[in-house]
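> what follows is a protein structure lacking sequence information:
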C-alpha cells in the first residue's frame, strides 16, 4: 500500500509539473515573439518526433499495400509510355519540319516515302502525299541532310518524285555560303556522290568545304546543306568539276519533307512570258 | 526559527524582485537567488506544493520585475520538481526521512555549494534557452551561463544561510 501511495504521489507530482510548465510556456509564448518562436520550434520538434514515429510504424504495416499501389501505378505508366512512343513515332516526320528555319514564302509538309529506286540512272521515289494533301508539281523534297528530289507528277494520294539520283536532275548549289553557284547532279555511281559543275576557275575552295542550295531555283530554299567538296578537276580549261560527298545517303532515307513555293506558278508564268528557260 | 521560514522567504523574494529590477550589471550575468530559495524549502513540504510555491514565486518576479511572464516560472518549476531527489542524492536520504533542513554547518560548505550549483545550473539552462538562447551565438550563451552560474552561486550561499540557519 505505501508503494502504491508513492506511485500516486509521483504521478501527481509529474502531472502538476507538466501543468505548471505548460502554463508557464503558454504565458511566455503569448508575450515574447522570440520566445514564441523557440517554444513553437520546440513544440514542433516534439510533435514531429511523436507523429513521425507513429507514421513510421504505420508505414511499416502498410508496406504491402504501398507496393501493390506502386506496381499498379508502374503498369499504368508503362502503358501510357507505350502510347506516347507510338504517337512520337507517327509524328517523327513532323519533327523534321522543325529542323529547317521557315524560309520566306515556302511551306513545309511531312512526307512518307513509300517506294524508292536506286539501281537505275533515272531513279525516282513515290511519296504517300498527293494533291489532296496540298502537294503540287515542282515542289521540292528534302530531308535535314539535304535534297532528295523534285515532285514531278501528283495523284490524289501519291506523288512521283524525280530523285537526285537521276542523271536528268540538276539542283542549283553554292560553294559555301557566299561562293560560286553551279548545277549539282548525281555522279551516276554511288548513293551519296554528286558533281558540282561550272565553277569558275577564279574561285578558291578546299576539300571539305560545304555546299548549300543556292536559293536561285524557286524550288528549294537557300542554304540547305547538301554535302562537302572532294576532288576536283578542270573541264575544258574553263571551269571546275568538283566531286561532292552528299550528306544524305539514299540508302537510309525513309521520311522527307515536301517544300513548296506558293509563288511557283507566278514565277513560271513570268518565265514563260519572258521566254525564260526552265530549270 | 522554522516558523519564520516563509517570512524570510517573502523578504528574499522581494529582494529578488529588486535584484531583477535594478541590478543589471552586464548582459553576461543574470542574477537569481530563486533556485537557492526553492532548494531551501523544507523537505517536509511535498514536491507538488513546492512546485506551486516555486511557480507562484517566479510568477511574482516575472510580473513585478522581469517583464516577461512565465520565464522564471518555466525555469524554476523543474528545480522544485528535482529538489527532493537532489537533496537525497547530495545530503543523504536521512535528511528526507527526518524532514530536516540542510545547512553549511551540518553538511559542509562543499555539499551545499554543490547543491546550489546544480539547481542554479538547471535553472539557468532552462532560463537561457527560453530567453532566446538559440538566436544568440553559442559563445555568448556559454559565457552568460558560466558568469551567471558563478554569480548566482556566490549570491545564493548567504541566501541558504538565511533560509536554513544552523539550529544547533
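Sure thing, it's come through. Bear in mind the structure is a predicted one, so any value in this text is a computation, not a measurement.

> so who does the most centrally placed residue in chain B touch?
Centroid-nearest residue in chain B, with Cα atoms, centre = their mean: residue B:35, separated by 0.8 Å. Contacts for residue B:35 (Cβ atoms under 8 Å, 6 or more residues apart in numbering or on different chains) come out as B:76, B:79, B:116, B:119, B:120, B:122, B:123, B:152, B:156. Using the backbone N, CA and C atoms, a C-beta is placed for each residue, glycine as well.

> so for the residue in chain B positioned nearest to chain A, what's the pLDDT?
Residue nearest to chain A within chain B (Cβ to the nearest Cβ): residue B:70, separated by 3.3 Å. Listed pLDDT for residue B:70 reads 85.

> where does pLDDT dip in chain B?
Counting by pLDDT under 70, chain B has low-confidence residues at B:1-3, B:24, B:66-67, B:132-135, B:166-168.

> residue numbers of it in contact with chain A?
With Cβ under 8 Å from any Cβ of the partner chain as the criterion, chain B comes near chain A at residues B:46-48, B:51-52, B:55, B:58, B:62, B:68-71, B:73-74, B:77-78, B:81, B:129-135.

> for chain B, which helix is longest?
Criterion DSSP state H: the longest helix present in chain B is helix B:138-163.

> could you list the buried residues of it?
Residues of helix B:138-163 classed as buried: B:141, B:144-145, B:147-149, B:151-153, B:155-157, B:159-163 (neighbour count, 16 or more other Cβ atoms under 10 Å in any protein chain shown).

> surely residue B:112 touches residue B:105?
No: counting by Cβ atoms under 8 Å, residue B:112 sits too far from residue B:105 to count as a contact (9.5 Å).

> more neighbours, these two?
Using other Cβ atoms under 10 Å in any protein chain shown, the more surrounded residue of residue B:112 and residue B:105 is residue B:112, with 24 against 14.

> and the more buried one, what element?
Secondary structure from DSSP states H and E places residue B:112 in helix B:109-130.

> again, but for residue A:141
Per DSSP H and E, residue A:141 falls inside strand A:140-143.

> partners of that strand, with directions?
Taking DSSP bridges as the criterion, strand A:140-143 forms sheet pairs with strand A:146-154 (antiparallel), strand A:255-260 (antiparallel).

> for residue B:145, which residues are in contact?
Taking Cβ under 8 Å, 6+ apart as the test, what residue B:145 contacts is B:121, B:124, B:125, B:128.

> okay, now the last one: neighbour count?
Neighbours of residue B:128 under the rule other Cβ under 10 Å: 20.

> show me what contacts it?
Neighbouring residues of residue B:128 by Cβ under 8 Å, 6+ apart: B:30, B:141, B:144, B:145, B:148.

> which one is residue A:136 nearest to, not counting chain neighbours?
Among residues not flanking residue A:136 along the chain, residue A:260 sits closest, at 6.1 Å (Cβ to Cβ, 6 or more residues apart in numbering or on different chains).

> how about the contacts of residue B:35, which pair is most distant?
Across the contacts of residue B:35, the longest distance by Cβ to Cβ is 14.1 Å; it joins B:76 and B:116.

> more neighbours: those two, which one.
It is residue B:76, of residue B:76 and residue B:116, that has more neighbours when counted by other Cβ under 10 Å, with 32 against 25.

> that's a strand at that one, yeah?
No: judged by DSSP: H, G, I helix; E, B strand; the rest coil, residue B:76 forms no part of a strand; its state is helix.

> that one reaches residue B:59, doesn't it?
No: using Cβ under 8 Å, residue B:76 is not in contact with residue B:59, being 9.3 Å away.

> circling back to that earlier point, where does the residue nearest to the centre of chain B fall, secondary structure wise?
Counting by DSSP H and E, the element that carries residue B:35 is helix B:34-39.

> sorry, back to before: rank the strands paired with strand A:140-143 by pLDDT, which is bottom?
Lowest mean pLDDT of the strands paired with strand A:140-143: strand A:255-260, a mean of 85.

> ok, back up a step: run the angle between the helix holding residue B:112 and helix B:138-163 for me.
130 degrees (axes from the mean of the first three to the mean of the last three Cα atoms, to 10 degrees).

> what about helix B:109-130, distance to the chain center?
7 Å (Cα atoms, centre = their mean, to the nearest Å).

> so residue A:257 sits against residue A:110, correct?
Yes: Residue A:257 lies in contact with residue A:110 (Cβ under 8 Å); the separation is 6.1 Å.

> thinking again about what came up before, just the buried members of the contacts of residue B:145?
Neighbour counting by 16+ other Cβ under 10 Å classes B:121, B:124, B:125, B:128 among the contacts of residue B:145 as buried.
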